[in-house]
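1. test case, fold it:
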Amino acid sequence: MKSEEKNSKNYDPDWKPKNAGSEFAVKVVKGIENSGSKKNTNKMNTRTADLSTSDFVEGVLRNDRTILARTITLIESNSQKHNEKAQAVLQKLLPKTGNSIRVGVTGIPGAGKSSIIETLGLYLLKQGHKVAVLTIDPSSTVTRGSILGDKTRMEQLSREENCFIRPSPSGGTLGGVARKSRETMLLCEAAGYDVILIETVGVGQSEVTVRSMVDFFLLVMIAGAGDELQGIKKGVIELADALLINKADSGNEARANIAKSDYSNALHYLKPSTEGWITKAHTCSALTGNGIPEIWTMIKKFSEITKNSGVFEKRRKEQSLQWVFGMVEEALLQNFYNNDDIKKSISEIKSKIINAEILPTSAASMLLDSYNKIKS
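-> Predicted structure coming up:
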């Protein structure tokens with residue numbers, strides 16, 4: 001790192017891959033130097049060395065948290081060069097993956113997803129588990145940036161040695177999950193984390209992509225947020241393996257139990273998301289911890305039942321297939337919009353649409369026809 005960069009107000013982080021392009025927008029804000037700054041700088045410089053595929057693999061396997069974080073950064077890169085190395089790393093780590101229970105935690109903003117994850121995570125650590133928390137932060141549609149501040153809401157959990165928390169931007173991905181969340185899960189499993197908790201940005205009825213990447217899908221609700229019988233409507237609720245009414249504390253217990261009863265009645269009209277498992281509504285308090293042990297007991301029971309029936313393994317295989325075709329769709333979209341001829345056509349068609357010279361449907365057909373001619 002150049003000295004003039006270090007002396008400037010903002011500079012690139014030490015974990016930024018060598019020769020990275022504009023896809024890495026993170027900057028470090030210079031802090032206050034102390035008497036140990038020289039020693040810390042030397043330690044940082046050791047980490048700036050470009051790592052080989054073997055370095056990444058070995059670092060992840062021994063759960064070197066710095067290298068694990070850098071490996072996740074590598075797979076999140078949009079650079080083709082970084083993507084090739086990331087795939088090589090993942091291929092070598094693949095035999096060490098799959099040995100965890102993957103739990104998706106979703107729900108409306110303000111339901112207390114982060115609080116539940118922290119309380120549950122602390123409980124799991126006491127039970128001897130190693131917990132990885134992947135939090136998805138919404139990306140701005142204007143600047144494309146994300147705050148990535150979820151770790152500050154899990155203050156106690158983030159200090160625990162056997163817990164790894166990684167916030168990632170959604171990047172505008174439908175479903176409230178990051179584009180490379182699946183690969184990140186595999187890395188955490190290879191590093192030895194046996195419970196993976198994924199917190200989404202908060203869902204509506206169409207944002208259900210998280211279901212396609214986890215074993216157990218937990219939907220967090222709160223009492224009094226509206227008509228609980230909305231649960232009858234098909235959408236995210238019919239994909240959940242459990243409904244959890246949070247904030248059953250501070251005099252809110254009665255309302256939470258009423259909501260639990262209403263949701264339980266609504267669930268009778270919906271087909272269970274998982275074969276052989278009956279979705280039920282539960283109450284808990286992330287503040288007091290009441291109901292948290294029961295959540296984990298339920299998840300363990302779910303894992304045991306589905307593994308014995310073969311549903312667990314079947315679902316994971318189906319998810320792998322969905323992952324394949326999802327990547328194909330993503331690659332086709334990138335190929336389409338990155339094509340120089342298509343970019344020119346889009347510019348011309350935009351003008352015609354704005355001036356009401358052609359219909360949007362005709363414009364779409366023209367673009368697709370142009371693309372097909374280019375590929376043929």
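2. from here on, contacts and neighbour counts on C-alpha atoms
-> Noted.
3. over to residue 268: give its phi and psi.
-> Main-chain dihedrals, residue 268, degrees, to the nearest 10: phi -60, psi -20.
4. show me where pLDDT drops low in the stretch 1-150 of the chain?
-> Scanning the stretch 1-150 of the chain for pLDDT under 70 picks out 1-11, 13-49, 137-150.
5. helices of that one, start to end?
-> Taking DSSP state H, counting those that start in this stretch, the helices of the stretch 1-150 of the chain run over residues 3-7, 37-47, 53-61, 65-76, 80-93, 113-126.
6. from the contact counts, what lies against the helix or strand where residue 361 lies?
-> Residue 361 is part of helix 360-375, with elements assigned from DSSP states H and E. Helices and strands touching helix 360-375, by 3 or more Cα pairs under 8 Å, 6 or more residues apart in numbering; DSSP states H and E, are helix 340-354.
7. tell me the angle of the helix it packs on relative to helix 360-375?
-> With axes from the mean of the first three to the mean of the last three Cα atoms, to 10 degrees applied, the angle from helix 340-354 to helix 360-375 works out at 170 degrees.
8. show me what counts as buried in helix 340-354.
-> 342, 345-346, 349 (16 or more other Cα atoms under 10 Å).
9. quick check, nearest of the residues you listed to residue 303?
-> Nearest to residue 303, judged by Cα to Cα, of those is residue 342 at 47.8 Å.
10. got the contact list for that closest one?
-> 336, 367, 370-371 (Cα atoms under 8 Å, 6 or more residues apart in numbering).
11. got JSON lines for these, with pLDDT, neighbour count and distance to residue 213 too?
-> Listed next are the contacts of residue 342 as JSON lines, based on pLDDT from 0 to 100; neighbours: other Cα atoms under 10 Å; distance: Cα to Cα, whole Å:
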{"residue": "336", "pLDDT": "92", "neighbour count": "16", "distance to residue 213": "26"}
{"residue": "367", "pLDDT": "93", "neighbour count": "17", "distance to residue 213": "33"}
{"residue": "370", "pLDDT": "90", "neighbour count": "14", "distance to residue 213": "35"}
{"residue": "371", "pLDDT": "91", "neighbour count": "18", "distance to residue 213": "32"}
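12. which residue ranges form the strands in the chain?
-> 10-11, 28-29, 101-107, 131-137, 163-169, 195-199, 216-222, 242-246, 280-283 (DSSP state E).
13. so for residue 84, which of these sits nearest?
-> Closest to residue 84 of the strands of the chain is strand 163-169 (Cα to Cα; 20.6 Å).
14. could you chop this structure up by domain?
-> Split into domains by automatic domain parsing, the chain comes to 3-94, 97-309, 318-375.
15. return the most buried member of the ones you listed.
-> With neighbours defined as mean count of other Cα atoms under 10 Å, the domains of the chain peak in mean count at domain 97-309, which reaches a mean of 19.
16. endpoints of that domain, how far apart?
-> End-to-end distance for domain 97-309, by Cα to Cα, to the nearest Å: 21 Å.
17. check stretch 221-238 too.
-> Using Cα to Cα, the end-to-end distance of stretch 221-238 comes to 14 Å.
18. what mean pLDDT does it have?
-> For stretch 221-238, mean pLDDT rounds to 64.
19. tell me where the stretch 201-350 of the chain has helices.
-> Using DSSP H, counting those that start in this stretch, helices in the stretch 201-350 of the chain cover 253-267, 292-309, 311-338, 340-354.
20. now do the last one against helix 311-338, angle only.
-> For helix 340-354 against helix 311-338, the angle by the same axes, to 10 degrees is 80 degrees.
21. output helix 340-354 as CSV - backbone C-alpha positions only.
-> The C-alpha trace of helix 340-354 is given here as CSV (Å, rounded to 0.1, in the frame of the first residue of the first chain):
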residue,chain,number,x,y,z
ASP,A,340,-22.0,-3.6,-27.1
ASP,A,341,-24.6,-3.9,-29.9
ILE,A,342,-27.4,-4.4,-27.5
LYS,A,343,-26.2,-1.3,-25.5
LYS,A,344,-26.5,0.8,-28.7
SER,A,345,-29.9,-0.7,-29.5
ILE,A,346,-31.2,0.0,-25.9
SER,A,347,-30.1,3.7,-26.2
GLU,A,348,-32.0,4.1,-29.5
ILE,A,349,-35.1,2.2,-28.2
LYS,A,350,-35.3,4.2,-25.0
SER,A,351,-35.7,7.4,-27.1
LYS,A,352,-38.5,5.8,-29.1
ILE,A,353,-40.3,4.6,-26.1
ILE,A,354,-40.1,8.0,-24.4
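22. ok now that helix, how far from the chain's centre?
-> In this view, helix 340-354 has its centroid 34 Å away from the chain centroid, taken as Cα atoms, centre = their mean, to the nearest Å.
23. what bits of the stretch 251-376 of the chain have low per-residue confidence?
-> Within the stretch 251-376 of the chain, no range satisfies pLDDT under 70.
24. try it again with 90
-> In the predicted model, the stretch 251-376 of the chain carries pLDDT under 90 at residues 262-271, 322-331, 333-335, 338, 347-348, 373-376.
25. sorry, back to before: can you tell which of the strands of the chain is closest to residue 361?
-> strand 163-169 (32.3 Å).
26. thought residue 63 was touching residue 191?
-> Yes: the criterion here is Cα atoms under 8 Å, and residue 63 meets it with residue 191 at 4.8 Å.
27. just put the helices of the stretch 201-350 of the chain in JSON lines and tack on distance to residue 187.
-> Output for the helices of the stretch 201-350 of the chain, formatted as JSON lines (distance: least, Cα to Cα, whole Å):
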{"stretch": "helix 253-267", "distance to residue 187": "35"}
{"stretch": "helix 292-309", "distance to residue 187": "21"}
{"stretch": "helix 311-338", "distance to residue 187": "16"}
{"stretch": "helix 340-354", "distance to residue 187": "35"}
